[in-house]
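Colleague: Here is a sequence with its predicted model. Questions after.
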Amino acid sequence: MSKKEKDNKLTSDCEMLRKMVEERSAELTRAYRELYQETTRRWQLEKEINKYRDSFNKRVKGLTDKLENALEDDKELKGYLTICSACKKILDENDQWNRVEKYIENHSEVTFTHSICPSCYKRLYPQLHDNQEDAVSPDSQE
């Protein structure tokens, strides 16, 4: 092979490599653009998803708060109660008669303690009541 043939072959090979590099560069540029567009699209979708997620979470929180308030309100006594005229027991939702204290404790957040009012004390313990009236109170001494 002569020098001229070698130069022509080298020029031809160089031209072929230049075209191959050009084609590959074009392919990589297209791939880069597609990747960039896909990345941008996904970023926008993620942004939109986050917006909907935030909105959804706010809605869930609002409904949860509303439900919790409703459950708290459920402990309040409302409406009509059937009460025995004689013993004052209350008829519950299971058709069972309960003492007033038990019914209210089961249907509210109330706990009862017991004492005796002055009129009941006088009626139930008249002998003690009379003795207390005879006793001198510390306030009345002069």
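Modeller: Sure, I can see it. Computed from a prediction, not measured in an experiment: that's the story for all the values here.
Colleague: Where is the longest helix in this protein?
Modeller: In the chain, ranked by residue count with DSSP state H as the criterion, the top helix is helix 3-73.
Colleague: following that one, which helix or strand shows up next?
Modeller: Taking DSSP states H and E as the definition, the helix or strand that follows helix 3-73 towards the C-terminus is strand 82-83.
Colleague: That following strand: partners in the sheet, and parallel or antiparallel?
Modeller: strand 90-91 (antiparallel) (DSSP bridges).
Colleague: Show me how far the strand it pairs with is from its chain's centre.
Modeller: Computed by Cα atoms, centre = their mean, to the nearest Å, the separation of strand 90-91 from the middle of its chain amounts to 35 Å.
Colleague: again, but for stretch 2-20
Modeller: Per Cα atoms, centre = their mean, the centroid offset for stretch 2-20 relative to its chain is 75 Å.
Colleague: mind giving me the domain ranges of the protein?
Modeller: Domain assignment for the chain, taken from automatic domain parsing, gives 1-67, 82-132.
Colleague: Helix or strand: which one has the nearest residue to T111 once chain neighbours are set aside?
Modeller: Of all residues beyond its chain neighbours, the one nearest T111 is E105 (6.3 Å), with distances taken as Cβ to Cβ, 6 or more residues apart in numbering. To be clear about C-beta, it is placed using only N, CA and C from the backbone, and glycine gets the same treatment. In this structure, E105 sits in helix 100-107 according to DSSP H and E.
Colleague: Against which helices or strands is the helix or strand just after that helix packed?
Modeller: Counting by DSSP H and E, the element after helix 100-107 in chain order, helix or strand, is helix 118-124. When contacts are defined as 3 or more Cβ pairs under 8 Å, 6 or more residues apart in numbering; DSSP states H and E, helix 118-124 packs onto helix 126-134.
Colleague: let's go with 6 Å and repeat that
Modeller: Using 3 or more Cβ pairs under 6 Å, 6 or more residues apart in numbering; DSSP states H and E as the contact criterion, helix 118-124 has no neighbours among helices and strands.
Colleague: Understood, closing this out.
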